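>>> Attaching a predicted model along with its sequence, questions to come.
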Amino acid sequence: MTLKMIRISKKFTQTQVAKNLFVTQRCLSNWENGTREPPISILPKLAELLHISIEQLVYAIIETKQINLHKSEVHS
């Protein structure tokens, strides 16, 4: 499951998550698209907000990055 899929399954908007983490919506969008990764310092708060373990969150971030990498390879 990607980070975006987890957020949506928990019924959060990007704006809600971003406000809770004190980041911009653009920042969260970059994490969800795999163009950037959230800083390690944010992972505990993000995991708590989404009611998942940090391990699940890390796997979601990795999956998101892999999908983004695959998309960029297809479009090259």
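Perfect, I can see it now. Numbers count the residues shown, from 1 in each chain.
>>> elements contacting the helix or strand harbouring residue 66?
Under DSSP states H and E, the secondary-structure element containing residue 66 is helix 54-74. Packing partners of helix 54-74 (3 or more CB pairs under 8 Å, 6 or more residues apart in numbering; DSSP states H and E): helix 3-9, helix 25-33, helix 43-50. In short, each C-beta sits where N, CA and C put it, glycine included.
>>> Tabulate the ones you listed (TSV), appending mean pLDDT and mean neighbour count.
Below are the helices and strands packed on helix 54-74 laid out as TSV (pLDDT from 0 to 100; neighbours: other CB atoms under 10 Å):
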stretch	mean pLDDT	mean neighbour count
helix 3-9	97	18
helix 25-33	97	18
helix 43-50	98	16
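>>> Show me the one of the ones you listed that comes nearest residue 60.
The closest approach between residue 60 and any of those, judged by CB to CB, belongs to helix 3-9 at 4.7 Å.
>>> Using CSV, write out every CA atom in that closest one.
The C-alpha coordinates for helix 3-9 follow below in CSV (Å, rounded to 0.1, in the frame of the first residue of the first chain):
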residue,chain,number,x,y,z
LEU,A,3,1.4,6.4,1.5
LYS,A,4,-1.5,8.0,-0.5
MET,A,5,-3.6,4.8,-0.3
ILE,A,6,-3.1,4.6,3.4
ARG,A,7,-4.1,8.3,3.9
ILE,A,8,-7.2,7.8,1.8
SER,A,9,-8.2,4.6,3.6
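>>> That helix: how far from the chain's middle?
Average the C-alpha atoms of helix 3-9, do the same for its chain, and the two points are 8 Å apart (CA atoms, centre = their mean, to the nearest Å).
>>> Show residues contacting it.
In this structure, residues lying in contact with helix 3-9 by CB atoms under 8 Å, 6 or more residues apart in numbering are 1, 14, 17, 31, 32, 50, 52, 56, 57, 60, 61, 64.
>>> surely residue 20 meets residue 48?
No: contact status for residue 20 versus residue 48: not in contact, 9.5 Å apart, counting by CB atoms under 8 Å.
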